[in-house]
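S.K.: Let me see the structure of the following:
(chains A and B)
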There are 2 protein chains.
Amino acid sequence: MQKIKSALISLSDKSNLRPLLQELKRHNIKIISSGGTFKTIRKLGYKCLNISDFTGFKEILGGRVKTLHPKIHAGILNKRSNKSHSNDIRKNNFEHIDLVVVNFYPFEKMIEQTKNHSKIIENIDIGGPTMVRAAAKNYNDVTVITSVDHYSELINELKKNRGSTSLKFREKMSRLAFDETAYYDAVISNYFNKFNNINFPKRKILYTNLIESLRYGENPHQMAAFYSQNIKNKLEQIHGKALSYNNYSDIFAALTISKSLPKNTGTVIVKHGNPCGVSALKNSLDSYKSALSSDPISAFGGIVSCNYKISEKLALMLNKIFLEVVIANGFNKKALKILKLKKNLRLIDSSKISFNEVWKFNSVNNFTLIQSEDRKIFSKKDFKIVSKKKPNRLQLDNLIFAFNVCRYTKSNAVVLASNKSTIGIGSGQPSRLDSCEIAVDKMNKFSKTRNEIVAASDAFFPFVDGIEKLVQSGASAIVQPAGSIRDKEIIKFANETNTVLVFSETRHFRH
Amino acid sequence: MQKIKSALISLSDKSNLRPLLQELKRHNIKIISSGGTFKTIRKLGYKCLNISDFTGFKEILGGRVKTLHPKIHAGILNKRSNKSHSNDIRKNNFEHIDLVVVNFYPFEKMIEQTKNHSKIIENIDIGGPTMVRAAAKNYNDVTVITSVDHYSELINELKKNRGSTSLKFREKMSRLAFDETAYYDAVISNYFNKFNNINFPKRKILYTNLIESLRYGENPHQMAAFYSQNIKNKLEQIHGKALSYNNYSDIFAALTISKSLPKNTGTVIVKHGNPCGVSALKNSLDSYKSALSSDPISAFGGIVSCNYKISEKLALMLNKIFLEVVIANGFNKKALKILKLKKNLRLIDSSKISFNEVWKFNSVNNFTLIQSEDRKIFSKKDFKIVSKKKPNRLQLDNLIFAFNVCRYTKSNAVVLASNKSTIGIGSGQPSRLDSCEIAVDKMNKFSKTRNEIVAASDAFFPFVDGIEKLVQSGASAIVQPAGSIRDKEIIKFANETNTVLVFSETRHFRH
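M.R.: Model prediction:
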């Protein structure tokens, strides 16, 4: 237990201060403060000593230097049980500072609000983090509070221990303080790197905020949690059971595809991280029906992401099969009521989620791979027609659609499409021919209507066999990146079979 | 340009100081320092003012408070072009500090070297980061150097500009300084969380060191880099072309499996993130041959990971097919010579790599999922025999082997094995039946010798159809986690077909 006799309070966020001041007064704790915080405390009717009067040094540089003073830092940093430290304190006529309540200039908020670089820099707090780090280091003797969220815990602690804090409490607050300083400087570091267009600094720091601890990870014996860098850009769950790790993972896979489709258009069904049905038909009912018919067996227990507002009619349709999650760009009121009849069904409103972050982190062991997202927006210009037969407009549109789905399907990926909807998806195979066979098998199993069929491959065909399989199964137009030493053979095969063959400029591996 | 007249130097790492001091002297730059750094500078024969003499305040608390003084921080933080700041400096009889050369107490090194908590805490630097943060904030006027690695760049800058530094240089050094302070506090924050057994703090910071920028990511239009938290635990490439993003990704997949196999035993072949052949036979030649024969077509262009030292004979065998990477727990000298005949083949020595890190990060957009690795070591105890027919020892060993490979195969995963080697792997399918069919197809295509066949599924069979397919194709023993509402039907089917059926306690999804 450590009795608190004096507190230093310096706050950027001055909210909720009254109950804390009340409690400090109850235990006769002397308060030292300055600037705006000093004024606020006085205004609330509590006694407070100005830092300048405490140190005998007048605040200078418009507030840039006020707490960076030996009397403050010796007051915080001295080990109470160390005789030599006590001597130093006595000789210098210093005093202990037992409690440090500090929160920082709002750097993160500032970079959201302005692009003014000097204004942003002015919001780098120097004095605050120094006091917090000093107090956190000396947690054996000093209590540090870095967030308004911890006031009530401090008040309880003081109440319970009659003006003292326990080591356990100080240790916890110290840990939270270092989380805070690390986070603060991580935001600054990332800001400066971004400002200077440095993608891969020598030291890269990822900062994240806990959204929720999950019951478990991919499997029940794994621990897991869900974090976000930007707590404002959140997944809004409006109904259903708690989201699991695998739900989150599939939701991201589904949303990544949805966000790539035309505005307010398209249905995506995901299972085990892969799309098993995608349709970009404009009519939402048709779009859902088409996506579902691509592989209705796999859709069972899957995740549906609608890039549009869900109507009553669609809700009734969705309720017909077992789904884990339905994501939508908004829900019609009646639709919501219908979907909520399923108690467990998780409903996510994605209308406010932006998918703008460029960088993806992926770690294994102590290694981390960082890469930019595969967000290239492609159009007809990126497609080079290499066959004698030229695609018509419909074929071209379907090729673009199929190639886009392909990029979000795990490699090797082959997608068969017709009428802006997938009709066969082959994914996750070590051999491209296998992916072709899976895609064709799916099509033969589920697809009833057969309009013109197109096919897309996420990387080049190394041999003719893959493309042969697709053509034999009815594909009349195929898109693939160029690059095989057998490209010529493949073009020859396309011409012999009167197939449209398009080479894309880009490959779209995804693992 | 900003002329440098005075420098504050405070170093934990005092190496390579002479050329810097030489350059500072050449430009008549006044040096302020204290403690060990002061002594080192004097010993090297350069003039130096003690910080205590500069501030007029004697260092106290055994060095805990020496630089936390207004004269130091006003000297760093004042804006040279601001009149009110200049007035403050003049009135207080302060001076500018134009250059800050500081590196920190070696906190990270300390946590590697000792478990002594108070010794570790003593190595939290307070004064150093404060000076660095102040100087970095005021980079418009002040130069900050935080690493011995930047001395030569500073020397060149001073040479080029006759004792001045450019804004561009100061900006860069400021950016690097914030990378450094963020990294430093991230290490502290992670240490405290680990010390207190907090897995998921409110703010989680991942700190990483750049190992190399990569030519590109999964695809040529994506940017990428490879980072590591622990630069000592590295992938040692001893030959071949530069590693690509996809190489790294496959290497991690392969090594994760290799590290799960018995010591010095086992061959793993990976393609597109999935195993396409694994064998745990004790004889390394047999093991490689078996792994390869599981799917020799997919192995083309794949990654082979040998959990043993590669012999001359094996090297000759490996050279027969095109491989991207060979990883081994060491290479025999002659083997290395043979493998090096292939100029492009990347060779990785994995003998010094430890795979101990528990946490995996996976980010999409601004969201991050963190989970612990699936490292459960399972044995016969975790297996519950539910069929009338009991497995013999051989079957049980093969079931354990197959189930282990299954856990590292992307879901839905079904693995057929015989003689401690895979003979058919079905991966990455949205439907479990599809994975069964792929595994069986592979077996029928490639497997010549048919000893007793066992099968493993990473999660339960929802219907009888999957297990039926496996039994019809020759599997005599099957392992799967329990949990389906049709478990009883499945047990009944096993009994009717005289099949060994084992329920494992754990599921092993992996996406």
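S.K.: now stretch A:279-289: mean pLDDT?
M.R.: Average pLDDT, stretch A:279-289: 97.
S.K.: That stretch spans what distance, first to last residue?
M.R.: For stretch A:279-289, the separation between the terminal residues is 9 Å (CA to CA, to the nearest Å).
S.K.: And that stretch, how far out from the chain middle?
M.R.: Taking CA atoms, centre = their mean, to the nearest Å, the mean C-alpha location of stretch A:279-289 is offset from the chain mean by 29 Å.
S.K.: Contacts for that stretch, please.
M.R.: Here stretch A:279-289 makes contact (CB atoms under 8 Å, 6 or more residues apart in numbering or on different chains) with A:261-262, A:265-267, A:290-291, A:294, A:304, A:306, A:308, A:310-311, A:313-314, A:317-318, A:401, A:419-422. For the C-beta atoms, the positions are set from N, CA and C on the backbone; glycine is no exception.
S.K.: How about the closest residue to chain B within the stretch 301-450 of chain A, nearest residue that isn't a chain neighbour?
M.R.: Per CB to the nearest CB, A:G428 is where the stretch 301-450 of chain A lies closest to chain B, at 2.2 Å. Closest residue to A:G428 apart from its sequence neighbours, by CB to CB, 6 or more residues apart in numbering or on different chains: B:G428 at 2.2 Å.
S.K.: Repeat that for A:Y46.
M.R.: Nearest one to A:Y46, counting by CB to CB, 6+ apart, is A:L21 at 4.6 Å.
S.K.: Secondary structure element for that neighbour, which one?
M.R.: Per DSSP states H and E, A:L21 falls inside helix A:18-26.
S.K.: Which other helices and strands does that helix contact?
M.R.: On a contact count with 3 or more CB pairs under 8 Å, 6 or more residues apart in numbering or on different chains; DSSP states H and E, helix A:18-26 meets helix A:151-160.
S.K.: quick one: A:S504 and A:N404 touch, right?
M.R.: No. With contacts counted by CB atoms under 8 Å, A:S504 stays clear of A:N404, the gap being 10.7 Å.
S.K.: For these two, indicate the residue with more neighbours.
M.R.: A:S504 (23 against 20; other CB atoms under 10 Å in any protein chain shown).
S.K.: Provide the backbone phi and psi angles at the more buried one.
M.R.: phi -90, psi 160 (degrees, to the nearest 10).
S.K.: Same check on A:K337?
M.R.: The phi/psi pair for A:K337 (degrees, to the nearest 10) is phi -60, psi -40.
S.K.: ditto for A:P275
M.R.: Torsion angles, degrees, to the nearest 10, at A:P275: phi -70, psi 140.
S.K.: Just give me the neighbour total for it.
M.R.: 30.
S.K.: In chain A, where is pLDDT below threshold?
M.R.: Residue ranges of chain A with pLDDT under 70: A:449.
S.K.: For it, list the residue farthest from the centre, please.
M.R.: The C-alpha centroid of chain A is most remote from A:K91, which lies 52.9 Å away (CA atoms, centre = their mean).
S.K.: sorry, back to before: just the angle for the helix holding A:L21 relative to helix A:151-160, thanks.
M.R.: Taking axes from the mean of the first three to the mean of the last three CA atoms, to 10 degrees, one finds helix A:18-26 and helix A:151-160 inclined to each other by 20 degrees.
S.K.: All good on my end, thank you.
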